[in-house]
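Student: missing the sequence, but the structure's below:
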Ligand code: SAM
């Protein structure tokens, strides 16, 4: 039985170790009529390694719209196309969303191959008691936006990408509102200097000192009951809606099974 033929393939490529590519991905990249990629030079290195001779066409967020009509025409002529990004899974913080929407609207069949992705590699390498997580892509850059996103996602394990130049500053900003937060941080997954650390935010900052190198994925664990910021945030949210200290204490102690008097004391101190 031969495999079902699709017209457009989403193909993950390695995030570090060049061997992290599936047999099916190699087969598809060899068989399609051309490969749409972010940076032809980056993808060409991978193709050379696997002796894949398929032609590459550049496709990135700046020419995404204009390429769509070209792809649609090629597909109408019966051609097959694979989309790759520089590393990992296309559309996970990489371009591709516009073309997929258009292809589906125009009735073409699209299939996505499973494969390397920094988020999933990270999540399967750190301790977690809950399956729940929020992936926010690249964390915003400004202090205000970082604080805002951290507060909004305080109840979930919040996973994000950040650059090595910014991550320590990002963590310091997060520490200013969640001083006891637990953090998991991985750098250079699947590469020579791969490192995964898991600790209190202060310890993680201490561990890296003033510098961190490589590609980063990070997770701020969901706030635990003892975290001050979490309570301050919740208390002030309720107070801003007009709830009195006693009501705040009743609501939060009921919802989170915490000591009512402690919440009451915090509330009157705020
Ligand atoms: N599409 C990719 C994926 O599937 O993970 C992500 C592309 S995004 C433009 C690049 C970011 O992913 C990097 O800045 C870094 O935060 C993260 N990343 C990619 N490779 C990584 C690796 N080997 N280790 C840790 N993080 C990585």
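Tutor: Happy to help now that I have it. Keep in mind that what you see is a predicted model, and the values were worked out from it rather than measured.

Student: hmm, residue 42 and residue 58 touching each other?
Tutor: No - in terms of Cβ atoms under 8 Å, residue 58 does not count as a neighbour of residue 42; the distance is 10.4 Å. For every residue, glycine as well, the C-beta is placed using N, CA and C.

Student: distance check, residue 139 against the ligand.
Tutor: 10 Å (Cβ to the nearest ligand atom, to the nearest Å).

Student: now do the same for the closest residue to that residue other than its chain neighbours: helix, strand or coil?
Tutor: Ranked by Cβ to Cβ, 6 or more residues apart in numbering and with sequence neighbours excluded, the top spatial neighbour of residue 139 is residue 160, at 4.1 Å. When states are read from DSSP: H, G, I helix; E, B strand; the rest coil, the local structure at residue 160 comes out as strand.

Student: hang on, isn't residue 160 packed against residue 137?
Tutor: Yes - applying Cβ under 8 Å, one finds residue 160 in contact with residue 137, separated by 6.8 Å.

Student: more neighbours, the two?
Tutor: Here residue 160 and residue 137 are set side by side on neighbour count (other Cβ atoms under 10 Å), and the busier one is residue 160, at 24 against 11.

Student: worst-scoring helix or strand of the chain, pLDDT-wise?
Tutor: Taking mean pLDDT, DSSP states H and E as the measure, the helix or strand of the chain with the lowest value is helix 228-240, at a mean of 78.

Student: who touches that one?
Tutor: Judged by Cβ atoms under 8 Å, 6 or more residues apart in numbering, the contacts made with helix 228-240 from elsewhere in the structure are 151, 154, 177-180, 223-224, 245, 247-248, 251-252, 263, 266-267, 270.

Student: buried ones among those?
Tutor: Listed as buried from the contacts of helix 228-240 are 151, 154, 177, 178, 223, 245, 248, 251, 252, 263, 266, 267; burial here means 16 or more other Cβ atoms under 10 Å.

Student: farthest pair within those residues?
Tutor: With distances taken as Cβ to Cβ, the most widely separated pair in those is 178 and 245, at 23.3 Å.

Student: report the beta-bridge partner residues of the nearest residue to residue 126 once chain neighbours are set aside.
Tutor: If the residues on either side of it in the chain are set aside, residue 126 comes closest to residue 184, at 4.1 Å by Cβ to Cβ, 6+ apart. Residue 184 has these beta-bridge partners by DSSP bridges: residue 198, residue 219.

Student: I figured residue 184 hits residue 197, correct?
Tutor: Yes - using Cβ under 8 Å, residue 184 makes contact with residue 197 at a distance of 7.2 Å.

Student: if we can go back for a sec, okay, the buried ones among the contacts of helix 228-240 in CSV with secondary structure next?
Tutor: As requested, the buried ones among the contacts of helix 228-240 are exported to CSV (three-state DSSP):
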residue, secondary structure
151, helix
154, coil
177, helix
178, coil
223, coil
245, helix
248, helix
251, helix
252, helix
263, helix
266, helix
267, helix
